[in-house]
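In: My questions are about this predicted structure, shown below with the sequence.
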Amino acid sequence: MVTAVTSFGRSGTSDWLVQRVSGVILLAYFLFIAWVVLSGVDYVSWKALFAQTWVRVFSLMALLSLAAHAWIGLWAVVTDYLTERMMGTTGNVLRISSQLAIALVLFVYVVWGVQVLWGY
Amino acid sequence: MLQVSIYRYNPETDQQPYMQEFQFDTEGKDLMVLDVLEQIKAQDSSVTYRRSCREGVCGSDGLNINGKNGLACITPLSATVKNNKLVVRPLPGLPVIRDLVVDMSMFYAQYEKIQPYLQNNTPAPAIERLQSPEDRAKLDGLYECILCACCSTSCPSFWWNPDRFIGPAGLLQAYRFLADSRDTATDERLSRLDDPFSVFRCHGIQNCVNVCPKGLNPTRAIGHIRTMLLTRAT
């Protein structure tokens, strides 16, 4: 079988592990954010929270996890449904263009997220 | 009267498949679905399906019965019929040759990929390769598969990628040889399964476990394969 060059780690085992680990990081991050929001937050305390380096590091970790998690998940979806087998050559065009669009969006989110975390 | 609805398609005469309705008198007996098909075939000999042993051993009559894959010969009407209706279709996802007969080439191609035979590169002993009772017990729940394809054809991942995802039946057999103490090709076998499709298209929805007429658990076997891959790859 030809190596799937658009998969995240070029290996199913690697993708599976990254998907699980990033899932755990995202769960921890969203529980943390939910706890902060539910225990009451205003502009000053929110800004003070994100002024701390560890919160920024944790947020970046969650952001990178989100990008990897989304790529692996959406890659599985497009290689299930947008295939030559399912819709002829249109499938190939749709699949590759979807992958480009998804990669672009995720890249923009990561760079923008870094700017948000360290830019203020 | 039992309402029986059977998927019909003869590529030589039919433009499209259609469902044909039959009225069937069970005479109060709890027949197997295969008995119903046999009696319908006695009325209309053009109804086509595969069958052989009629006792759940050969795996020929895997069919989609009232929406669930199973062997017609060991599925009693009482276990499947609701509202007096029996709908019989071919196994989903494989090309239909005629009526209830599907082309299983893709299914067998996946089975062939996992090299379903013992591989041992050590010199053959004089009599036989011995195995401890404990090692032999590891093959229980794996060797019983009859390759009826009920599991793989109930798996959406196999529907979308029958050419790249091995499917539950093939993977159960892959683990049967990975788990065999007499097989020495474990590394080679695992390296052929590392890609993102062969094993990892399984998302663990367990349709395979739900339909297996032999009560086997391909999802658990796939989990074991994943653990073996992870152990060696980390």
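Out: In hand now; what should we look at? Numbering: from 1, shown residues only, chains lettered A, B, ... in the order given.
In: For the rest of this, base every contact and every neighbour count on C-alpha atoms.
Out: Fine.
In: per-residue confidence averaged over stretch A:88-105?
Out: Across stretch A:88-105, pLDDT averages out at 97.
In: How about it and chain B, any contact?
Out: No - judged by CA under 8 Å from any CA of the partner chain, stretch A:88-105 makes no contact with chain B; its nearest approach is 12.5 Å.
In: how about the nearest residue to the residue most central in space within chain A, chain neighbours excluded?
Out: Geometric centre of chain A, nearest residue: A:Ala67, 1.8 Å, by CA atoms, centre = their mean. Leaving aside its chain neighbours, A:Ala67 sits nearest to A:Leu106 (5.7 Å; criterion: CA to CA, 6 or more residues apart in numbering or on different chains).
In: I'd assumed A:Leu64 was in contact with that neighbour.
Out: No - look at A:Leu106 against A:Leu64 with CA atoms under 8 Å: they stay out of range, at 9.3 Å.
In: what's near enough to touch A:Gly91?
Out: By CA atoms under 8 Å, 6 or more residues apart in numbering or on different chains, the contact set of A:Gly91 is A:Leu82, A:Thr83, A:Glu84, A:Arg85.
In: Number of residues surrounding the residue nearest to A:Ala67?
Out: 19 (other CA atoms under 10 Å in any protein chain shown).
In: Secondary structure element for it, which one?
Out: A:Leu106 is part of helix A:89-118 when elements are defined by DSSP states H and E.
In: Give me the pLDDT value at the residue of chain B found nearest chain A.
Out: Residue of chain B nearest chain A, by CA to the nearest CA: B:Pro196 (3.6 Å). In this model, B:Pro196 is scored at 95, pLDDT.
In: repeat for the one 10 residues further on
Out: On pLDDT, B:Gln206 comes in at 97.
In: Let me know the helix or strand that B:Gln3 is in.
Out: In this assignment (DSSP H and E), B:Gln3 forms part of strand B:2-8.
In: And for A:Ala48?
Out: Following DSSP H and E, the helix or strand that holds A:Ala48 is helix A:43-51.
In: Please say whether there is contact between stretch B:110-123 and chain A.
Out: No - if you take CA under 8 Å from any CA as the test, stretch B:110-123 misses chain A, and the best it gets is 11.0 Å.
In: First-to-last residue distance for that stretch?
Out: 30 Å (CA to CA, to the nearest Å).
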